[in-house]
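Q: For reference, the sequence and a predicted model appear below.
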Amino acid sequence: MYRKVFGLIIMTGILLCSCKNTVVKTETESEAVNNKILQQTDGTISLKVDKADCYQDKSNPSSNTAEWSVLVSKSGRFDVWMSSATKDTTDLKYDNSVKLSILDNRIEADPECDKIVLNSMDVSYPYFRADSFLGSLYIQDTGLYNVQIISEKILAQDNHRDVENSKVLSVVLKPITR
């Protein structure tokens, strides 16, 4: 009789502990899912710096970081483009290379003015939008990913100082189709 009662108490304790752990995981997962960027129906992933979690290091601006949580629903190969606001369309004046990482995928590139977009709604005079091709990468699986970009030109939205030359506006991952 005591063995049955003792066994019942142990089983109830295990059941309650496992239910409690499930609730904690679900709350953490739902918080991450609520703050995520969704992939568009055509497969494009658009990441704006003003929607990112930003970190600025005043003593070492080359480690300024923007980070997003992205829900990838269509895996595959992507071309990575970065948009900058710039006054000089011939030279973006990045002192260091820009680093982008998604899990084990890393791209490091020196941004150049590959495309100049006139009359862009993203910037106002005297700035122009310059798009730079950073490279391509392969995302193998669907799911929730952290995307991180590191550059001295990452400026948080609350930093209202005038941009001398350029700053990062966004990163776009465009699916490569055959």
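A: Arrived safely, thanks for sending.
Q: How much space separates K99 from Y125?
A: According to Cβ to Cβ, to the nearest Å, K99 and Y125 sit 31 Å apart. For glycine as for every other residue, the C-beta is placed from the backbone atoms N, C-alpha and C.
Q: The two - which one has more neighbours?
A: K99 (17 against 7; other Cβ atoms under 10 Å).
Q: and that one, what is it in contact with?
A: 106-108, 149-151 (Cβ atoms under 8 Å, 6 or more residues apart in numbering).
Q: from the residues you listed, which would you call buried?
A: 107, 149-151 (16 or more other Cβ atoms under 10 Å).
Q: low-scoring pLDDT stretches of the chain, where are they?
A: By pLDDT under 70, the weakly predicted segments of the chain are 1-34, 156-164.
Q: at 50 what do you get?
A: Counting by pLDDT under 50, the chain has low-confidence residues at 15-32, 160.
Q: could you pull out the helices for this structure?
A: 2-34 (DSSP state H).
Q: now the buried ones among the contacts of K99 as a markdown table including distance to S132?
A: Shown next, in a markdown table, are the buried ones among the contacts of K99 (distance: Cβ to Cβ, whole Å):
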| residue | distance to S132 |
| --- | --- |
| I107 | 11 |
| I149 | 12 |
| I150 | 15 |
| S151 | 11 |
